[in-house]
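Q: coords please:
(chains A and B, ligands or ions: 1)
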Amino acid sequence: MISAMPQNGDYPMPTIAPSRKKLRVVAADFLNSLPLTVEMAEDELFNFEYVIPSEGARRMAEHEADIALLPVAAVAEIGGLEIVPGPCIGANGRVESVVIVSQVPLDSVQRLFIDNASRTSVVLAKIFMDSVGKGDIPFIRMPGPEIPANVRGGDAGLLIADVAFRESKQFKYRHDLADAWKRLTGEPFVFAVWAAQPGVLTPELVERINRRFWDGIARKHQIIEEWAAQQNMPLAQVADYLDERIQFNLNKSAWYGMQEFFRLASNMRLLPDARVEFATPHAPQNGINTFGKFVPEVVPYNRSYGVDRILARADAGRRISLHDAERLYLEAELTDIGEVANNIRQKMNPGGGVSYIIARNINYTNVCNVDCGFCGFYRSDDPKRKGHHEGYVLTRQQLREKMDELADGDGVQALVQGGVNPNLPLEYYTSLLRWMKSEWPQIQQNSFSADEVLGLCPNKTPQEITSVLQALRDAGLDTFAGAGAEILVDRVRKRVSYKKSRSAVWLEVMRQVGIMGMKASVTMLYGMGETTRDKFAHMAKIRQLQDEVSPFMVFITWPYQKGPGQKIKSFDQAGATYLRVQGIARIFFDNIQHIMCSWVTQGPDIGQTALYYGADDFGSVMFEENVVSASGTTYKMNANSMEHCISQAGFIPFRRKGDFSQWDPAEHEMLKSNRVIAELTPGMI
Amino acid sequence: MSSKLISRVRSLLEREERIGVDDCCELFQVKDLAAVAALARIPRERRHGRNAHYRALLPIRVATLDELQLLRAGDQRLQGGVTGVAVRPVGPLAAGLDPLLSLQSALRLLPVPATLFLSAGIVAHAADGAGVSIQETLQALMNGGDLFINGDGAELSDPTFRAAHSAGAIPFQQWIAVHRAAHIAGLKTGASMLYTVKDRPAEYAAHLQAIRELQDETHGFVQFVPMGIQNNNVAEWYLAAPTAAQSLRVAAIARMFLDTIPHLAVAPSLITSEEAFVALSYGANMIDPTIAVDDLLSDEAFGDAAAAAQPSLPVFAASTAQQRGGILPALIHSRIVESRWIPIPMDAAFREISPATILAEQQ
Ligand code: SF4
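A: Residues are numbered from 1 along each chain as shown, chains lettered A, B, ... in the order given. This is a model prediction of the structure:
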């Protein structure tokens, strides 16, 4: 794309020890990032790759990159990163690539369409809309290129990057958000910075990155020409953008601007409470300071708060970063986590009530072609594999017995879940749901995992996923159980469950669930040898999706327990670890209302203690459970024992429905009276 | 009321002053367990910092000397980091001074250090049977080998409770007398308290006060163990045993009140193994697998202990009140580490021992 043009100038490039492993560096290949990246990409010290910003953030979150050019929102979300002094992508006034457009004045705007591809811009838009008294209007997510066509009447749209360049002029009202920021705070707005994993940066490396940056700036006009030609854009517009609109220097005022952004975003609960500070550059020696000739005006560092401070700020309603969560896991006192988790739980679910539900698992088939290494439940559909002959699909008669048993116990929810059975078509599921709905109308369906849905989608496109989900919903699916998240880090997924959906695909299923307005539960199965970072990278992905489309009503976590015949070793088995993880989850998920404790895997004692660690739901009584019990876990509780456990802990037990609202016996009886009994033939599935 | 109580108790604990019987009573009624835990951490951490102790012992109960023959070197039961055995006699071996002395002779032949664990009741009955004083009985046993008088039989000091729940136990004053005599003889002993699914704050406070008074006099208690009582005479299993919330609260309050007893121990076999490690954050500083040895007797239960050496813990049958323990030192050690404490293994006499053996087992 941009041809090489090394320009080392008068000063020798700082050398870095040759034995050092190549640093993994990632950045987006946007026009405004090229002056920062074009020379880095050609430096033999770095293993450089251009990726989209979300992928860069993912790699930093999952420790798959050492340095990344990161949007500032991602810097805050991940936390604990160090910022390279010197370069940035910012704007000191009008930028033209982040614009809110509408055909009506702002005070008449009723909704704002946003493209979630740029979280920093969305947060900036929220801050701006709040500053003009429009903080309460709904923000509606849609693909960026579709926004301009949808902005009519009382709607406004957030346009970013090339869509903004191309389309914003057609709108009567345009609000350039960098310009608005400048007027709001008097400071430049910083969109992105080079961020590094803790401990990676050395003065030599910082100097080298700065040298590469200034060499890139020297190639700005080459970049402008080549970009204009490649993108078929007017040269003057590209030149104006890079020369006049973008500020590349992370100077003191840009730094203040970034700090102010973090402060406001944290106050508004939009971003974690990022602590990024700066120090004065090291004192010059012989006229040249630590960074040689390339003296940055400020030397930022991003140190975490102490654990007590993280907890205190979380207690005060601030969002915590991935790094904060990791630190709590490693360093915080268990009962301190519990105390803050309990306070947050009381704010999110006030009144001291703890819900439980009368539900049952119905494992309609154990045949599965996914072969997860941690699963003791499934039997392979491959006739050559051990245990194949134990595979089953329950008949309608067997299902009826289970549903009748549930109905007799005043059950309100069925969790129909099974393996990914390649022999069952979509019609099997829709007919099953219709039948269950008509025969037990009082019982809600909270069923199926993402992989069961994906098993019905040969191409796994978003459209296909939506159409399967829609068919299931039309047939009677009330909420989506959505199990199978395990750990949403592909390095872990590949090891424990090679054939299972990769994390992006799993998240895509949940994204479609959210877009459809359905609700789901979300889980984390830890203790399979993943790192601490992986646990919280998992949570960060869930929180981000919840910010986007809110599919999740409840989070549940438990450790994998190795049973006979299971290949994966188990780790992190202590009940104290369970409480720690669940407590941090309550603190971390400021956007998921409920936390369910897993007494099924932990036993009633730890289950009860979990109520002091953020859980507001005790889960379900147990009629039957075949999945975790395949690992040897055999706890059982009935409604009386649950109520006893809950009230002994000082909470008020109440029975709920699938949507977490209080169970109403009169409504239950009324629904029951609509029962239509179907005729079954023997062996019918 | 509870916030005033908590700030009063906090300031007392921070000044290293004692909490009173009334405070103790009131603390049992505080719903906010996190606040109670935070208070208990003040004395717990002042005394022990981040240390969490455990006795690296295999608890066994023997009714005949023949049973000891089974415990040879290479016996699977001596693996998993076991550095000694805690032997509790039952039946004929517990019925008199002579059988106890002959048991001690047999213990000397075992391939690992063995300590005779006796309750105050057994000592009192042995003294009675031999027609000698408690002091003489204790002296004879001390001469016979390693001896520990555990806290069994303390129950609750309240006479009505004892009549209803512990009719077979010696009277509380006699229990106190045996421990007093042991302390005078230079023996360190354990104390305990029963608690039930139905909270009895006033009875708990009175009992703890009696223990504290003896400790003030003799300084001989080295350990206090709260013991949740199992009541199998109720129709619903979940009403049989106290819940975790009660167990954690009792441990925390006992830690605050018993300011002069060094170790606040919890028994994995009484409150489930995992809850025991959680209790380290609620005032307890010690995991003691020697407590409630009765639950560890059968081969079946011991099978669970062997399973406990594996990464996952044995599963307790929570559908009944019965919660069996059986947790080996190597697993205790690794669980303490996982729970963010520093494991300190100890022998039967509460002396710190090197974790090397235990860690080797852990490999
Ligand atoms: S966990 Fe689910 S997808 Fe994986 S093998 Fe078991 S049944 Fe199949």
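
Q: rest of the way, CA atoms for contacts and neighbours
A: OK.

Q: Check whether residue B:111 sits in a helix, strand or coil.
A: Put simply, residue B:111 is coil when judged by DSSP: H, G, I helix; E, B strand; the rest coil.

Q: so it touches residue B:70, yeah?
A: No: using CA atoms under 8 Å, residue B:111 makes no contact with residue B:70, being 11.2 Å away.

Q: who has more neighbours, the two?
A: Neighbours were counted for residue B:111 and for residue B:70 using other CA atoms under 10 Å in any protein chain shown; residue B:111 has more, 14 against 11.

Q: quick one, longest helix in chain A?
A: helix A:532-549 (DSSP state H).

Q: Enumerate the positions of it that are buried.
A: Of the residues in helix A:532-549, A:533-543, A:545-546, A:548-549 count as buried by neighbour count, 16 or more other CA atoms under 10 Å in any protein chain shown.

Q: could you pick out which of those are near the ligand?
A: The subset of these within reach of the ligand, by CA under 6 Å from any ligand atom, is empty.

Q: Helices of the stretch 51-200 of chain B, start to end?
A: For the stretch 51-200 of chain B, applying DSSP state H, counting those that start in this stretch gives helices covering B:66-69, B:97-107, B:120-130, B:134-144, B:159-165, B:172-184.

Q: Quick check: residues of the stretch 1-150 of chain B near chain A?
A: Residues of the stretch 1-150 of chain B lying close to chain A (CA under 8 Å from any CA of the partner chain) are B:31, B:33, B:34, B:35, B:37, B:38.

Q: Do you know the pLDDT at the fifth one?
A: Translated: residue B:37. Per-residue confidence (pLDDT) for residue B:37: 96.

Q: Is it within a helix or a strand, and which one?
A: helix B:33-48 (DSSP states H and E).

Q: Who are the packing partners of that helix?
A: Applying 3 or more CA pairs under 8 Å, 6 or more residues apart in numbering or on different chains; DSSP states H and E, one finds that helix B:33-48 contacts helix A:334-348, helix B:2-14, helix B:244-257.

Q: swap the cut-off to 6 Å and go again
A: Other elements packing on helix B:33-48 under the criterion 3 or more CA pairs under 6 Å, 6 or more residues apart in numbering or on different chains; DSSP states H and E are helix B:244-257.

Q: quick one: the helix it packs on to chain centroid distance?
A: Put simply, helix B:244-257 sits 14 Å off its chain's centre (CA atoms, centre = their mean, to the nearest Å).

Q: Now look at it and say if it contacts chain A.
A: Yes: counting by CA under 6 Å from any CA of the partner chain, chain A is contacted by helix B:244-257 at B:244, B:245.

Q: contacting residues around that helix?
A: A:605, A:649, B:37, B:40, B:279, B:282, B:283 (CA atoms under 6 Å, 6 or more residues apart in numbering or on different chains).

Q: Name the strands paired with the next helix or strand after it and say parallel or antiparallel.
A: Using DSSP H and E, the helix or strand that follows helix B:244-257 in sequence is strand B:263-266. Using DSSP bridges, strand B:263-266 pairs in its sheet with strand B:221-228 (parallel), strand B:286-287 (parallel).

Q: most tightly surrounded among those?
A: With neighbours taken as mean count of other CA atoms under 10 Å in any protein chain shown, those reach their highest mean count in strand B:286-287, at a mean of 30.

Q: contacting residues around the longest helix seen in chain B?
A: The longest helix of chain B (DSSP H) is helix B:201-218. Helix B:201-218 has contacts (CA under 6 Å, 6+ apart) with B:21, B:24, B:25, B:28, B:156, B:157, B:258.

Q: Go again with 8 Å.
A: For helix B:201-218, contacts defined as CA atoms under 8 Å, 6 or more residues apart in numbering or on different chains pick out B:21-22, B:24-26, B:28-29, B:156-158, B:176, B:180, B:183-184, B:191, B:193, B:195, B:221, B:254, B:257-258, B:260-261.

Q: again with stretch A:586-599
A: A:314, A:319-321, A:325, A:340-341, A:344-345, A:348-349, A:539, A:543, A:546-547, A:552-558, A:582, A:605-608, A:610-611, A:613-619, A:635.

Q: what's the first-to-last distance across that stretch?
A: One end of stretch A:586-599 sits 17 Å from the other (CA to CA, to the nearest Å).

Q: same check, this time on stretch A:444-453
A: End-to-end distance of stretch A:444-453: 19 Å, with CA to CA as the criterion.

Q: Torsion angles phi and psi at the nearest residue to residue A:615 once chain neighbours are set aside?
A: Once flanking residues are discounted, residue A:615 sits nearest to residue A:595: 4.7 Å by CA to CA, 6 or more residues apart in numbering or on different chains. Main-chain dihedrals, residue A:595, degrees, to the nearest 10: phi -120, psi 130.

Q: Ok, residue A:228 next?
A: According to degrees, to the nearest 10, residue A:228 has phi -60, psi -40.

Q: ok, it - contacts?
A: Listed by CA under 8 Å, 6+ apart, the contact set of residue A:228 reads A:234, A:235, A:238.

Q: switch the cut-off to 10 Å
A: Going by CA atoms under 10 Å, 6 or more residues apart in numbering or on different chains, residue A:228 touches A:31, A:234, A:235, A:236, A:237, A:238, A:239.

Q: and what of residue B:186?
A: Contacts for residue B:186 (CA under 10 Å, 6+ apart) come out as B:139, B:142, B:180, B:218, B:220.

Q: so how far is stretch A:479-487 from its chain's centroid?
A: The answer for stretch A:479-487 is 14 Å, by CA atoms, centre = their mean.

Q: Please indicate which of the contacts of helix B:244-257 has the highest neighbour count?
A: residue B:283 (31 neighbours).

Q: ok, that one to residue B:114 distance?
A: 29 Å.

Q: now residue A:145
A: 79 Å.

Q: Tell me which of the two has more neighbours.
A: Counting neighbours by other CA under 10 Å for residue A:145 and for residue B:114 shows that residue B:114 has the greater number, 25 against 15.

Q: Thought residue B:144 was touching the more buried one, still the case?
A: No: when contacts are counted by CA atoms under 10 Å, residue B:114 is not listed as touching residue B:144 (11.8 Å).

Q: How about the contacts made by the residue most central in space within chain A?
A: Chain A has residue A:541 as the residue nearest its centroid, 2.0 Å off, counting by CA atoms, centre = their mean. Each residue near residue A:541 by CA under 10 Å, 6+ apart is listed here: A:58, A:61, A:322, A:488, A:489, A:503, A:504, A:507, A:547.

Q: what about burial for the residues you listed, which qualify?
A: By neighbour count, with 16+ other CA under 10 Å, the contacts of residue A:541 hold A:58, A:61, A:322, A:488, A:489, A:503, A:507 as buried.

Q: Of the residues you listed, just say which sits nearest to residue B:148.
A: Of all these, residue B:148 sits closest to residue A:322, with 49.8 Å by CA to CA.

Q: nearest spatial neighbour of that closest one, skipping sequence neighbours?
A: Distances taken as CA to CA, 6+ apart place residue A:78 nearest to residue A:322, at 4.8 Å, with adjacent residues excluded.

Q: Who's the closest spatial neighbour of whatever residue of the stretch 151-300 of chain A ends up closest to the ligand, skipping the chain neighbours?
A: Residue nearest to the ligand within the stretch 151-300 of chain A (CA to the nearest ligand atom): residue A:272, separated by 33.0 Å. Nearest residue to residue A:272, sequence neighbours excluded (CA to CA, 6+ apart): residue A:319, at 4.2 Å.

Q: Correct me if wrong: that neighbour contacts residue A:310.
A: Yes: Residue A:319 is within contact range of residue A:310, at 9.4 Å (criterion: CA under 10 Å).

Q: the more surrounded of the two?
A: Shown here are residue A:319 and residue A:310; by other CA under 10 Å, residue A:319 has more neighbours (28 against 22).
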